[in-house]
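Q: Can you look at this prediction? I've put the sequence above it.
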Amino acid sequence: MASKPRTVRAAAVQIAPDFERPDGTLERVCGAIDEAAAKGAQIVVFPETFVPYYPYFSFVLPPVLQGAPHLQLVERAVVVPGPVTQAVAERARARNMVVVLGVNERDHGSLYNTQLVFDADGTLALKRRKITPTYHERMVWGMGDGAGLKVVDTVVGRVGALACWEHYNPLARYALMAQHEEIHCAQFPGSLVGPIFAEQMEVTIRHHALESGCFVINATGWLTDEQIRSVTPDAQLQKALRGGCHTAIVSPEGKHLAPPLTEGEGMVIADLDMALIAKRKRMMDSVGHYARPELLSLAINDRPAQTTVPMHLTQHLTQPQAQAQAQAQAHIPGSTDHDHHNNPASQPAADDRAPVLRVAAG
């Protein structure tokens, strides 16, 4: 692989989806990729579940009224791989650009909050699902798994991604930090909750930049007044669909590299001086010289979630071991403290704590 650039131009996009046309949002994505390329960007980040759109309806409508909009979202959701991923991959390759896109992924009868990272040659380098949908989102999406907590090598550097309140899960963030991410891509819905959401978001992304010693590119969505009225005609509920936008790019020193975008459509562009990563980590490397793995470490179940376990995988095990393996495969914790403390298959050996940290580092 060719040597990676010392300076990377990044773009964070804040635009509105298309509620009306099934392929409208994808067209907006491709247009924004072209615009970012014209501005010299080498990586572009879009908002959370931007294609076809974030399920704003689930925040303001009671469950009994969500049937029709939920079914429409299912019909327009993205199959991976499929026509949407092919179109984005082709545009990434044509513009020689890393693209980070949030989609509603349809996997048979379920929807997931999914983040896609396309390398500049069009390769889908990462597909991951939000590990825990937040609050109202649990009516819409299934849960992801630890298999997606990965940092991937791209032409611009080591890229990781989390969605929205996953940034409030410090162990999820640490899983990416331990893999030495250089560019962290954060995605939030935008046009939600109000100004306090944007304020909290800024604290969160700046803290992660400082703690991880990486750049953070954050993208949030935007809704027009007409779109807000289409979600709900209730003027009081419409207030919950305004504010909460904070599209920004932050350095490893926690500084904004360009003025954040908090209203309207637009694009934040900034040059990332990759030397700032070493400058920050020289003083504080959370997964290196500042870590204490013999005291604190992270264990990760990075296997994809499975709803079945082949019988032949459990026949050679004792009953407690088989039960522990089945629980791990299904991501179900042990039912009692007795199981946790006495089943050797359920936890690492007492003197094996330092290697556990290396599991997170891949």
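A: In hand now; what should we look at? Every value quoted in this text rests on a predicted model; they were computed, and no experiment measured them.

Q: Kindly tell me how buried G102 is, as a neighbour count.
A: If you count neighbours by other CB atoms under 10 Å, G102 ends up with 28. C-beta coordinates here come from the backbone N, C-alpha and C atoms, glycine included.

Q: and it, what are its phi and psi?
A: Main-chain dihedrals, G102, degrees, to the nearest 10: phi -100, psi 130.

Q: What residues does it make contact with?
A: By CB atoms under 8 Å, 6 or more residues apart in numbering, G102 lies in contact with 46-51, 113-116, 163, 187.

Q: Quick one: mark the members of these that sit in strands.
A: Using DSSP state E, the members of the contacts of G102 that fall in strands are 113-116, 163, 187.

Q: List just the nearest of those to H312.
A: T114 (31.4 Å; CB to CB).

Q: For that closest one, list each beta-bridge partner.
A: Bridge pairing for T114 (DSSP bridges) gives the partners V103, R129.

Q: where's it relative to A10, distance?
A: Distance, T114 to A10, by CB to CB, to the nearest Å: 21 Å.

Q: Now do the strands for the protein: every range, in order, please.
A: Under DSSP E, the chain gives strands at 7-14, 43-45, 98-107, 110-118, 124-129, 152-154, 157-163, 183-188, 215-220, 248-250, 266-273.

Q: Which among those is found nearest to K279?
A: Once those are compared by CB to CB, strand 266-273 is nearest, at 9.0 Å.

Q: And the contacts of that closest one?
A: Residues outside strand 266-273 that contact it (CB under 8 Å, 6+ apart) are 6-15, 32, 35-36, 39, 41, 183, 215, 247-249, 251, 257-261.

Q: Weed out the non-buried ones from those residues.
A: Buried subset of the contacts of strand 266-273 (neighbour count, 16 or more other CB atoms under 10 Å): 8-15, 32, 36, 41, 183, 215, 247-249, 251, 257-258, 260-261.

Q: which residues of the stretch 51-200 of the chain score low on pLDDT?
A: Residue ranges of the stretch 51-200 of the chain with pLDDT under 70: none are present.

Q: burial measure for E226, as a count.
A: E226 sits with 9 neighbouring residues when counted by other CB under 10 Å.

Q: Likewise for P83?
A: When neighbours are defined as other CB under 10 Å, P83 has 11 of them.
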